[in-house]
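A.B. asks: Need a 3D model of the sequence below.
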Amino acid sequence: MLTERQELILSGIVQDYTHSGAPVGSKLLVNQLPIHVSSATIRNEMAVLEEMGLIEKTHLSSGRVPSINGYRYYVDHLTFSKVNMMNDIALIHKALDSSYHKIDELVQKSANILSDLTNYTALTLQPEQATNRLLQGFRLVALGDQRVMAILVTDNGDAETELFRIPKGVTGQQLESVVNLINDRLVGYPLSVVLEQLKSVIPNRVNQYLHSTNGFIGILDEVIMKAMRDRLYVGGEMNLLSFTDQSDISYLKPLYSMLGQSGEIAKFIGNSGDGVSVQIGSEMSNELLKNYSVITGTYDVGSHGKGIIAVLGPTRMPYSKVITLVDAFRSELSSRLLGYYKENK
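C.D. replies: Sure, this is the predicted structure:
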């Protein structure tokens, strides 16, 4: 553990660097610390902090910047999660105080609001556990010109659709027979079971009504897989550009690509545990994220599972502010979604 004076100096360096992005020197800290101490004493303490690996020099000046370990100490010991942000928290409450017809509308709205409040990139993940979701109904809607829309509805009210073409000669009565078959045999079963049935029993049954089942079963597979995928929403993707320190931003291309892959995102936000957690730079074991931090909050909606809301920003983000916002958001989302489930039970 650090002495009280060392903690004040480390905290001052983190906060100044967060605000300016410039290395912090002893002369700047002299007038900012809440204790009276000379510039020479600050330099000595900075040397100790550097030896401990909590701050480091840059090639640009004699000032210091926090290291990953320094940020970690700051987050674990020196941040205060309850900073005064009543206006922002009231804005969260007001912005979410609307009627939502689908869960994903509320979750996506949350990503956009959190991004606007932080000016960083926000990520939200729906709470449903895909393997527990049940098939509530299946429909085929003829659109003309051999085009058909497959509509699959799950027990939480979400609907997935897929467009496809049917061979000439297939009648509406044949399609209706297939729809009745699917609904009679599979409604009420988990999607994982439905998917398994489509690979084993159902094709033989569909053969009674259609000459070929390959294309039709493939479409059903696709629409069910869409329903089973994680519901990840990203807000403020372009905010990544606002805090880059490099003129060549081509290095952001693979990062943007990763943001479009829910599986990759889940690797660094899906194992954060309950409550609010902070992962900094190399702690995420992903080279693309070495200069970033992720603050993650888990929101609990009881038997309906747990969801995730997170902020992706630079390592020099204002941690106390973002931690407080994420904590407020996860509480508000839990409340709103529990209310949604209660109303739509």
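
A.B. asks: which helix is the longest one in this structure?
C.D. replies: For the chain, the longest helix by residue count, based on DSSP state H, is helix 319-343.

A.B. asks: quick one: the helices in the stretch 1-150 of the chain?
C.D. replies: Assigned by DSSP state H, counting those that start in this stretch, the helices in the stretch 1-150 of the chain fall at 4-20, 26-30, 39-51, 68-73, 86-95, 103-118.

A.B. asks: which residues are contacting the first one?
C.D. replies: The contact list for helix 4-20, computed with CB atoms under 8 Å, 6 or more residues apart in numbering, reads 2, 22-24, 28-29, 32-35, 37, 42, 45-46, 48-49, 54-55, 64-66, 70-71, 73-74, 77-78, 316-318. To be clear about C-beta, it is placed using only N, CA and C from the backbone, and glycine gets the same treatment.

A.B. asks: just the buried members of these?
C.D. replies: Among the contacts of helix 4-20, those classed as buried by 16 or more other CB atoms under 10 Å are 2, 23-24, 28-29, 37, 42, 45-46, 49, 54-55, 64-66, 70-71, 73-74, 78, 316-318.

A.B. asks: where in the stretch 1-150 of the chain is pLDDT low?
C.D. replies: For the stretch 1-150 of the chain, applying pLDDT under 70 flags the ranges 60-61, 80-85, 99-101, 128-132.

A.B. asks: all strands of the protein, in order?
C.D. replies: All strands of the chain, identified by DSSP state E, fall at 55-57, 64-66, 121-125, 135-144, 147-154, 159-165, 232-235, 276-280, 292-300, 306-314.

A.B. asks: picking up where we left off before, what is the longest helix of the chain packed up against?
C.D. replies: helix 86-95, helix 103-118, strand 276-280, strand 292-300, strand 306-314 (3 or more CB pairs under 8 Å, 6 or more residues apart in numbering; DSSP states H and E).

A.B. asks: Could I get these in CSV, plus columns for distance to Phe329 and mean neighbour count?
C.D. replies: Conversion of the helices and strands packed on helix 319-343 to CSV gives the following (distance: least, CB to CB, whole Å; neighbours: other CB atoms under 10 Å):
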stretch, distance to Phe329, mean neighbour count
helix 86-95, 6, 14
helix 103-118, 6, 20
strand 276-280, 10, 22
strand 292-300, 6, 24
strand 306-314, 5, 24
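
A.B. asks: Which among these is found nearest to Gly172?
C.D. replies: With CB to CB as the criterion, Gly172 lies closest to helix 103-118 of the helices and strands packed on helix 319-343, at 31.4 Å.

A.B. asks: Kindly calculate the angle that the closest one makes with strand 121-125.
C.D. replies: In terms of direction (axes from the mean of the first three to the mean of the last three CA atoms, to 10 degrees), helix 103-118 departs from strand 121-125 by 160 degrees.

A.B. asks: Going forward, the N-terminal residue is numbered 754.
C.D. replies: Got it, the first residue is 754 from now on, which makes the last one we talked about helix 856-871.

A.B. asks: about what we covered before: out of the strands of the chain, which is closest to Pro943?
C.D. replies: Of all the strands of the chain, strand 888-897 comes closest under CB to CB, at 7.9 Å.

A.B. asks: That closest one pairs with which strands, and in what direction?
C.D. replies: Taking DSSP bridges as the criterion, strand 888-897 sits next to strand 900-907 (antiparallel) in its sheet.

A.B. asks: just how off-centre is the strand it pairs with within its chain?
C.D. replies: On the basis of CA atoms, centre = their mean, to the nearest Å, strand 900-907 sits 28 Å off its chain's mean C-alpha point.

A.B. asks: So what touches that strand?
C.D. replies: Under the contact criterion CB under 8 Å, 6+ apart, strand 900-907 has outside partners 886-896, 912-919, 928, 944, 972-973, 976-977, 980.

A.B. asks: and the residues you listed, which are buried?
C.D. replies: Buried among these by 16+ other CB under 10 Å: 886, 888-889, 891-893, 913, 915, 917, 919, 928, 944, 972-973, 976-977, 980.

A.B. asks: Which residue is most remote from the mean position of the chain?
C.D. replies: Most distant from the centre of the chain: Gly922, at 46.1 Å, with distances by CA atoms, centre = their mean.

A.B. asks: Could you measure from that one over to Leu963?
C.D. replies: As for Gly922, its distance to Leu963 is 10 Å (criterion: CB to CB, to the nearest Å).

A.B. asks: follow-up on the earlier one: I'd like the helices and strands packed on helix 1072-1096 laid out as TSV, including distance to Ala1081.
C.D. replies: Shown next, in TSV, are the helices and strands packed on helix 1072-1096 (distance: least, CB to CB, whole Å):
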stretch	distance to Ala1081
helix 839-848	5
helix 856-871	10
strand 1029-1033	10
strand 1045-1053	9
strand 1059-1067	10
